[in-house]
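Novice: Show me the folded form of this:
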Amino acid sequence: MSHPMRRQDRQISSEEARELFAGGEYLFMATVGQDGRPYGVPLSYVVMSNAVYFHCATGGRKLDNLAGCPWVCLNVVGPTQPVYDGGFSTYYESALIEGRARLVTDEGEKNSALLALAQKYLPEHMDNKAEKDIARSWQRTLVYAVAIECISGKAKRSKAAINNR
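Specialist: Numbering: from 1, shown residues only. Presented below is the predicted three-dimensional model:
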């Protein structure tokens, strides 16, 4: 269960937070190891239905952490702009998702996620290349899905940005 947001005046709707995740370039995922040590890593990702999907290799600290504790925290930050508005500040928007990561074992779901990732990051290379590359790296690529159990976001926007929404 998430804590209440301290700066509720900057809270954005869950719909805006979902839009920010859907349009974000990369996210940052935080996990915790069995020794209690935190670990964070940037990831490419795609949002499909009510889950966030990412791909990875078949081993490493991230996977060790997920095996011990599937709970993760995902963060994405939109465009930022440092400003002086009577004090040093930054216009920003950010969103956070909490959920449990699960290894995708269904081949159709895995393939759909990998194709969606290819479409998001390299849409100009979808003409046969994505399917061939996915097939070539199938055995050494894992896909995880993080169910969106809690989503929130906040923003500090310029007056012009607020008026354009």
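
Novice: What's the local residue count around Ala95?
Specialist: Ala95 sits with 25 neighbouring residues when counted by other Cβ atoms under 10 Å. Using the backbone N, CA and C atoms, a C-beta is placed for each residue, glycine as well.

Novice: dump the residue contacts of it.
Specialist: 12, 16-18, 20-21, 24, 75-76, 151-153 (Cβ atoms under 8 Å, 6 or more residues apart in numbering).

Novice: ditto for Phe88
Specialist: Counting by Cβ under 8 Å, 6+ apart, Phe88 touches Pro82.

Novice: still on that earlier bit, which of the contacts of Ala95 has the largest number of neighbours?
Specialist: Neighbour max across those (other Cβ under 10 Å) = Gly153, 25 neighbours.

Novice: Pairing partners for that one in the sheet, please.
Specialist: Gly153 has these beta-bridge partners by DSSP bridges: Ile12, Ala95.

Novice: Make sure it is actually in contact with Ile97.
Specialist: No: using Cβ atoms under 8 Å as the test, Gly153 is too far from Ile97 to be in contact (9.5 Å).

Novice: Need the residues touching each of those two.
Specialist: With Cβ under 8 Å, 6+ apart as the test, Gly153 and Ile97 both reach Ala17.

Novice: Could you list the residues in contact with stretch 60-79?
Specialist: Here stretch 60-79 makes contact (Cβ under 8 Å, 6+ apart) with 20-21, 23-24, 26-34, 39, 41, 45, 52, 56, 92-102, 142, 144, 146, 155.

Novice: From the chain's centroid, how far away is that stretch?
Specialist: When distances are taken as Cα atoms, centre = their mean, to the nearest Å, stretch 60-79 is centred 9 Å away from the chain's centroid.

Novice: So which bits of that stretch are buried?
Specialist: Residues of stretch 60-79 classed as buried: 62-63, 65-66, 70, 72-76, 78 (neighbour count, 16 or more other Cβ atoms under 10 Å).
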